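J.: What follows is a predicted structure for the sequence shown.
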There are 2 protein chains.
Amino acid sequence: MDKVNLAAMLATFSEHWQPKVIADINDYELKLVKLQGEFTWHTHADTDELFLVVGGRLTVHMRSGDVVLNPGELLVVPRGVEHCPEADVETHVLLIEPRGVINTGDAGGPMTAHPERI
Amino acid sequence: MDKVNLAAMLATFSEHWQPKVIADINDYELKLVKLQGEFTWHTHADTDELFLVVGGRLTVHMRSGDVVLNPGELLVVPRGVEHCPEADVETHVLLIEPRGVINTGDAGGPMTAHPERI
């Protein structure tokens, strides 16, 4: 039974917008991702999505307004709510969502990632 | 759409071993709990359980050995694995598990909590 150290995991990769699976809870995955710049507007029709910022600063744009997350802050974007993450500095985020969720949701496109396990 | 600040949530309660629900992701709950002392040995037959330490130091006793978690470290205790959390200093932990999981699992007893939402 091994513990997972978030900082140690973050030290193993550098690319942006490429979530890495670090743990499983039943049929859910915990992922770490490094973000910088603006993502793409998208929606997850079938699932909520949790963003917990562990470093940096994340802005989640939504049609209803922006939410800015600092380290130690989290936001659950409910299913069906269109959103676009943006980070003006390099930002490290813990994601919790059901296994198999695609980062770009319904939008697809070049930023679609296929998360690897680290 | 409101963000959740972990430190602000932790400031709203002081009791130990009483998890508080701070967010929902589909049918899963995120809970914060303050721990000090030793819990009770128990098992969750039907679900994995994630412990992420945000402050303090958590020892998870298992029959296979102990795992000690410092801030920024997490452990997933798989379903069916008997465990007993212990904290020698006041420790703050983020829990992720399906809605309705009882903290004492199969063991029951006086430390069984009924999590409230904060």
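T.: Yep, it's here.
J.: Quick check: what element follows the lengthiest strand in chain A along the chain?
T.: The longest strand of chain A (DSSP state E) is strand A:83-98. Counting by DSSP states H and E, the next helix or strand C-terminal to strand A:83-98 is strand A:116-117.
J.: Tell me which other helices or strands that next one touches.
T.: Under the contact criterion of 3 or more CB pairs under 8 Å, 6 or more residues apart in numbering or on different chains; DSSP states H and E, strand A:116-117 touches strand A:20-25. The way it works is simple: take the backbone N, C-alpha and C, and place the C-beta from them, glycine included.
J.: Around chain B, pick out the residues from chain A.
T.: Contact residues, chain A versus chain B (CB under 8 Å from any CB of the partner chain): A:1-7, A:23-26, A:28, A:30, A:47-50, A:54, A:62, A:64-65, A:67-69, A:72-79, A:81, A:96-98.
J.: Just the buried ones from the residues you listed?
T.: A:3-4, A:6, A:23, A:25-26, A:28, A:30, A:47-50, A:67, A:69, A:72-77, A:81, A:96-98 (16 or more other CB atoms under 10 Å in any protein chain shown).
J.: partners of the lowest-mean-pLDDT helix or strand in chain A in the sheet?
T.: Least confident helix or strand of chain A, by mean pLDDT, DSSP states H and E, is strand A:116-117 with a mean of 88. Using DSSP bridges, the strands paired with strand A:116-117 are strand A:20-25 (parallel).
J.: Check the model's average confidence along the strand it pairs with for me.
T.: Averaged over strand A:20-25, pLDDT sits at 96.
J.: same deal with stretch A:83-102?
T.: Across stretch A:83-102, the average pLDDT comes to 94.
J.: residue contacts, the residue nearest the centre of chain A?
T.: Residue closest to the average C-alpha location in chain A (CA atoms, centre = their mean): residue A:95, at 4.5 Å. Taking CB atoms under 8 Å, 6 or more residues apart in numbering or on different chains, we find residue A:95 in contact with A:19, A:29, A:30, A:31, A:32, A:33, A:49, A:50, A:51, A:52.
J.: who's the third one bridged to?
T.: So that's residue A:30. residue A:23, residue A:96.
J.: can I assume it is in contact with residue A:22?
T.: Yes: the criterion here is CB atoms under 8 Å, and residue A:30 meets it with residue A:22 at 5.4 Å.
J.: Excluding sequence neighbours, find me the nearest residue to residue A:20.
T.: Leaving aside its chain neighbours, residue A:20 sits nearest to residue A:118 (4.4 Å; criterion: CB to CB, 6 or more residues apart in numbering or on different chains).
J.: what pairs with residue A:73 across the strands?
T.: residue B:5.
J.: so what pLDDT did residue A:59 get?
T.: Listed pLDDT for residue A:59 reads 98.
J.: got the contact list for it?
T.: Residue A:59 sits in contact with A:66, A:67, A:68, A:69, A:85, A:86, A:87, A:88, where contact means CB under 8 Å, 6+ apart.
J.: Please apply the same query to residue A:74.
T.: By CB under 8 Å, 6+ apart, the neighbours of residue A:74 are A:50, A:51, A:52, A:53, B:3, B:4, B:6, B:23, B:30.
J.: Mind putting the residues you listed into TSV with distance to residue B:38?
T.: What follows is these, written out as TSV (distance: CB to CB, whole Å):
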residue	distance to residue B:38
A:50	30
A:51	34
A:52	28
A:53	32
B:3	34
B:4	29
B:6	24
B:23	28
B:30	24
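J.: What is the nearest of these to residue A:40?
T.: For the contacts of residue A:74, the residue nearest residue A:40 by CB to CB is residue A:51; the value is 15.3 Å.
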